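In: here are the coordinates; sequence isn't available:
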């Protein structure tokens, strides 16, 4: 830790800021304990179950999403030392328990659980034991999700299975949520709250926190069962973590799973591709297109981006609209959101392709070919998807007559945002996880540059989007005759935005060729 | 521009500054056509920075680079086709097979598919990559990755080859094959610029050598002139200076 702080001074700033922030949360924790002391056991159980679930989800998701902050205890770094998993696990375990977040949440759970002492010393002691178990469980959960998510996304077969499973779960959840929430969020909770909380309290994810509630009700057998379940759950998580560490020590995570036997699909790629300009089909742009298409199919960093743009509008239509009882016409926003997030998501496209840049640069002034090939690859899957979603949401909302303007505007949003992204990806690239690194990670030291790049691309996109979206909104809310403007204008502006953006980006690429590598490595 | 008096590569006042560090400090160097030019220097001397600027991978803060008379930074369309580059320390796109990567390099250079296929197969056979040609590059060892990158640098038949540590991590059999290719390339009128830490290798292969230290050229010219009657390694240490602290390491002895 001392060496790390000496080497990277900014970590000290982050550490101090984190300490200050956590200290400011302490009064909130004490207030929470005071509130629990005033509450009856059932209300205490409800509060701890809800908070326990939210915190557990946070522990599971955040390390996956923001990995890369500190990789000093990454098991892969111990691989060259030839140490056994049994040797380093105790150290990794202790190290994980003395991080700032762990210490804070241990304090949180112990403080809140101490409120059970009002029901007697034995129940209070049970609460403290449960709090300790809950803390360890959260830490182990974080380690398991981070390590196994990276491993799943690195293996082609596992990735395919995971994607299919995720798709099925999303579809099932969306359907259930749509059915459950179709009467509105308020009514849903009114009818189902107690049932949901009881079911949640009995799961091992929070049962360590709710065991004292059973004991307070005189159901000691249930209390021991809940605590035992939580201990078993924690043990399973620790074993899964240990297994991932063991694998990391002997098996490189990012391999191609021995993919062999491929014929050369680059040398003549694009010759019969109708999506490419005739002049591009035998040139470098077709080769870039074929190469980047390979990345879209197999690189976890691209695949996760693709999945997220599909999930977001699905969740909006299936969950947000019924939950908040919104007008079904709000569903027509889904294709815009999807198109814009696809386009904006490519604002750092060059950096994601960092390993190919040197070959492109030494080959000559290939900027236009490179950018055309790269962004055509996005259009190939994004354009049909956006059109399909625009048509589906038009039908779902019961406003088929709005499908053409919505489609036109969504295509416009896609083209314009991709054009902006092409330019910012060359002008303001910032470092991202290299191929083979955790696709969810952030590159250490890239936060400032990343913020500038994201803000600039967001600002430029937001500035241009009204030109394609406003006519469509007018068609939906004011006069359907605006639909013609929205359809024609959207398609036209989308095409112009895309073509011009990619053209400008290509020129900039050539001008900045000698600076790009330094910016993204 | 085929005049042999025009250097294959001419660097003038090439400078790169990182903060307070002058990684390359006004470097002047002429590399004659048909030479096998070694660039040697200690770690951090500025070899890779210089070669990166000389190949268009890094924008210099000052100075010019000419390839066979063409200004690399002002006339890239004329200069870059003459260059073949094997950088060190840069990751290569590894989701293509070895054969596909060579084809990709060929297509970037604007070669016709038939030409690419013929050259690709020749290079794969010569570099003993036949068994791995249909395997993804991400499954390659460091030496195999180096060989496939070399094949990519060669596929368009450049006039000047710039190779940063081409023999690093390469097995002896492959090293022999690479040496054969490079010697043949120079014999055919091509020029090789190669950085290396291995003095014996430079002495064995190179006709010319430049010693780089502290971002500057400490000595440059024909090999015999630079080593001035002594071994290259002795001359190198003499030029670069050995200011290490010498400590007694008798504790290393087994008994």
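Out: Received the coordinates, thanks. On a predicted model such as this, the values are computed, not experimentally measured, just so you know.
In: right, and residue A:471 touches residue A:479 too?
Out: No - the criterion here is CB atoms under 8 Å, and residue A:471 misses it with residue A:479 at 10.5 Å. Every C-beta, even on glycine, is put in place using the N, C-alpha and C of the backbone.
In: Looking only at neighbour counts, state which of those two leads.
Out: Neighbour tally, residue A:471 and residue A:479, criterion other CB atoms under 10 Å in any protein chain shown: the higher count belongs to residue A:471, 24 against 9.
In: ok, the residue of chain B found nearest chain A - contacts?
Out: Relative to chain A, the nearest point of chain B is residue B:59 (3.2 Å; CB to the nearest CB). For residue B:59, the contact set (CB atoms under 8 Å, 6 or more residues apart in numbering or on different chains) comprises A:514, A:515, B:53, B:73.
In: quick check, it in a strand?
Out: No - counting by DSSP: H, G, I helix; E, B strand; the rest coil, residue B:59 falls outside a strand, being coil.
In: Test for you: state the pLDDT assigned to it.
Out: As predicted, residue B:59 sits at a pLDDT of 94.
In: From residue A:504, how far off is it?
Out: Separation of residue B:59 from residue A:504 (CB to CB, to the nearest Å): 20 Å.
In: Please apply the same query to residue A:433.
Out: Applying CB to CB to residue A:433 and residue A:504 gives a distance of 27 Å.
In: Those two - which one has more neighbours?
Out: residue A:433 (21 against 18).
In: Which of the three states applies to that one?
Out: Applying three-state DSSP: residue A:433 is coil.
In: thought it was touching residue A:301?
Out: Yes - using CB under 8 Å, residue A:433 makes contact with residue A:301 at a distance of 6.4 Å.
In: in the stretch 1-150 of chain B, which spans are strands?
Out: For the stretch 1-150 of chain B, the strands defined by DSSP state E, counting those that start in this stretch cover B:9-18, B:21-31, B:36-40, B:62-67, B:70-71, B:83-86.
In: How are the helices of the stretch 401-521 of chain A distributed by residue range?
Out: A:403-427, A:447-464, A:466-477, A:482-511, A:513-520 (DSSP state H, counting those that start in this stretch).
In: Output the contacting helices and strands for the shortest one.
Out: The reference is to helix A:513-520. helix A:349-352, helix A:354-362 (3 or more CB pairs under 8 Å, 6 or more residues apart in numbering or on different chains; DSSP states H and E).
In: count of residues packed around residue A:461?
Out: 21.
In: How about residue A:109?
Out: Residue A:109 is flanked by 26 other residues according to other CB under 10 Å.
In: can I assume it sits in a helix?
Out: Yes - using three-state DSSP, the assignment for residue A:109 is a helix.
In: Skip the chain neighbours and tell me the closest residue to it.
Out: Leaving out its chain neighbours, the residue that sits closest to residue A:109 by CB to CB, 6 or more residues apart in numbering or on different chains is residue A:131, at 3.6 Å.
In: for the chain, longest helix please?
Out: Went with chain A since none was named. helix A:121-154 (DSSP state H).
In: oops, chain B please
Out: When chain B is parsed with DSSP H, its longest helix is helix B:172-187.
In: Quick check: mean pLDDT of it?
Out: 89.
In: For that helix, buried residues please.
Out: Using 16 or more other CB atoms under 10 Å in any protein chain shown as the test for burial, helix B:172-187 gives B:174, B:177, B:178, B:179, B:181, B:182, B:185, B:186.
In: for residue B:207, what are its contacts?
Out: Residue B:207 touches B:35, B:36, B:37, B:186, B:222, B:223, counting by CB under 8 Å, 6+ apart.
In: again but with residue A:59, I slipped
Out: A:105, A:138, A:139, A:141, A:142.
In: The last one contacts residue A:56, doesn't it?
Out: This means residue A:142. No - in this structure residue A:142 lies outside contact range of residue A:56 using CB under 8 Å: 9.5 Å.
In: neighbour count winner among the two?
Out: Set side by side, residue A:142 and residue A:56 show more neighbours around residue A:142, with 24 against 19, by other CB under 10 Å.
In: and residue B:82, how many neighbours?
Out: So residue B:82, with other CB under 10 Å, has 19 neighbours.
In: What of residue B:155?
Out: For residue B:155, the count of nearby residues is 25 (other CB under 10 Å).
In: so who does the closest residue in space to residue B:205 that isn't next to it in sequence touch?
Out: Nearest non-adjacent residue to residue B:205, counting by CB to CB, 6+ apart: residue B:36, 5.6 Å away. For residue B:36, the contact set (CB under 8 Å, 6+ apart) comprises B:182, B:183, B:186, B:191, B:192, B:194, B:205, B:206, B:207, B:208.
In: Phi first, then psi, for the fourth one.
Out: This points to residue B:191. Dihedral angles of residue B:191 (phi, psi; degrees, to the nearest 10) stand at phi -120, psi 140.
In: So stretch A:364-376, near chain B or not?
Out: Yes - Stretch A:364-376 is in contact with chain B by CB under 8 Å from any CB of the partner chain, via A:364, A:365, A:366, A:369.
In: ok, of the residues you listed, which one's closest to chain B?
Out: residue A:364 (4.1 Å).
In: that older thread, just want the angle from the longest helix of chain B to strand B:36-40.
Out: 120 degrees (axes from the mean of the first three to the mean of the last three CA atoms, to 10 degrees).
In: and the next helix or strand after helix B:172-187, what's its mean pLDDT?
Out: Per DSSP states H and E, the first helix or strand lying C-terminal to helix B:172-187 is strand B:191-195. The pLDDT scores in strand B:191-195 average 96.
In: what does strand B:191-195 rub up against?
Out: Under CB under 8 Å, 6+ apart, the answer for strand B:191-195 is B:8-9, B:31-41, B:47-48, B:51, B:54, B:88, B:159-166, B:182, B:185-186, B:202, B:205-206.
In: Are any of these buried, and if so which?
Out: Buried members of the contacts of strand B:191-195, counted by 16+ other CB under 10 Å: B:8-9, B:31-33, B:35-41, B:47-48, B:51, B:54, B:88, B:159-166, B:182, B:185-186, B:202, B:205-206.
In: I'd like to know which residues of the stretch 301-450 of chain A are adjacent to chain B.
Out: Contact residues (CB under 8 Å from any CB) of the stretch 301-450 of chain A with chain B: A:353-356, A:358-366, A:369, A:434-436.
In: filter the residues you listed to the buried ones?
Out: By 16+ other CB under 10 Å, those give A:353-356, A:358-366, A:369, A:434-436 as buried.
In: Can you lay out the strands of the stretch 1-150 of chain B as a markdown table showing mean pLDDT?
Out: Below are the strands of the stretch 1-150 of chain B laid out as a markdown table (pLDDT from 0 to 100):
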| stretch | mean pLDDT |
| --- | --- |
| strand B:9-18 | 95 |
| strand B:21-31 | 94 |
| strand B:36-40 | 96 |
| strand B:62-67 | 96 |
| strand B:70-71 | 96 |
| strand B:83-86 | 96 |
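In: Specify the local secondary structure of residue B:218.
Out: Going by three-state DSSP: residue B:218 is strand.
In: got the contact list for it?
Out: Applying CB under 8 Å, 6+ apart, the residues contacting residue B:218 are B:211, B:212, B:239, B:240.
In: at 6 Å what do you get?
Out: By CB atoms under 6 Å, 6 or more residues apart in numbering or on different chains, the contact set of residue B:218 is B:211, B:239.
In: Quick check: it vs residue B:237, distance?
Out: From residue B:218 over to residue B:237 (counting by CB to CB), the distance is 11 Å.
In: got it, and residue A:468?
Out: 67 Å.
In: what's the answer for residue A:362, then?
Out: 33 Å.
In: Likewise for residue B:252?
Out: For residue B:252, the distance to residue B:237 - CB to CB - is 22 Å.
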